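Q: Coordinates only, no sequence provided:
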């Protein structure tokens, strides 16, 4: 079974095929809380130049793995130097960041709802 999974994963990676999030995941979407927004800003403070973003949005928070209580959300931004969206996906478990992935394919899912994120756009040091 494990080998079959690895073969499927390898084939998906080779073909560049990316599946959308399961319906159960998209059904679990909740707007990001003010705490989630604040924690993201706090994590970035001092690592990016404030005022650099022209647009900033944050996605709904979704439940990726109910058994392990793993949640995820995405941010997308445009910068003055690059008008194209840049995506970052984050995974959380027990309010701790499990992973941070630039250009996470799941952030491009058309069913994922995004919200304006003025706190990031207007961030100060």
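A: Done, it's in. Owing to the predicted nature of the structure, the values given are computational and were not obtained by experimental measurement.

Q: beta partners for the residue nearest to the spatial centre of the chain?
A: The centroid of the chain falls nearest to residue 74 when counting by CA atoms, centre = their mean (1.9 Å). According to DSSP bridges, the partner residues bridging residue 74 are residue 89.

Q: Go ahead and confirm it touches residue 61.
A: No. Contact between residue 74 and residue 61 fails when scored by CB atoms under 8 Å: they sit 9.7 Å apart. Quick note: C-beta positions are derived from backbone N, CA and C, even for glycine.

Q: How many neighbouring residues does the closest residue in space to residue 94 that isn't next to it in sequence have?
A: Among residues not flanking residue 94 along the chain, residue 69 sits closest, at 6.9 Å (CB to CB, 6 or more residues apart in numbering). Using other CB atoms under 10 Å, residue 69 is surrounded by 11 other residues.

Q: show me the contacts for residue 69.
A: Counting by CB atoms under 8 Å, 6 or more residues apart in numbering, residue 69 touches 63, 93, 94.

Q: Generate a markdown table for the residues you listed, with secondary structure and distance to residue 56 as supplementary columns.
A: A markdown table is the format used below for the contacts of residue 69 (DSSP: H, G, I helix; E, B strand; the rest coil; distance: CB to CB, whole Å):
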| residue | secondary structure | distance to residue 56 |
| --- | --- | --- |
| 63 | strand | 24 |
| 93 | strand | 25 |
| 94 | coil | 26 |
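
Q: so where do the helices sit in the protein?
A: 2-15, 23-27, 34-44, 118-121 (DSSP state H).

Q: circling back to that earlier point, now the residue nearest to residue 94: phi and psi?
A: Dihedral pair for residue 69: phi 60, psi 50, per degrees, to the nearest 10.

Q: Next, find the distance separating it from residue 44.
A: The gap separating residue 69 from residue 44 is 24 Å, by CB to CB, to the nearest Å.

Q: One more: residue 88?
A: 10 Å.

Q: Equivalent analysis for residue 55, please.
A: In terms of CB to CB, residue 55 sits 16 Å off from residue 44.
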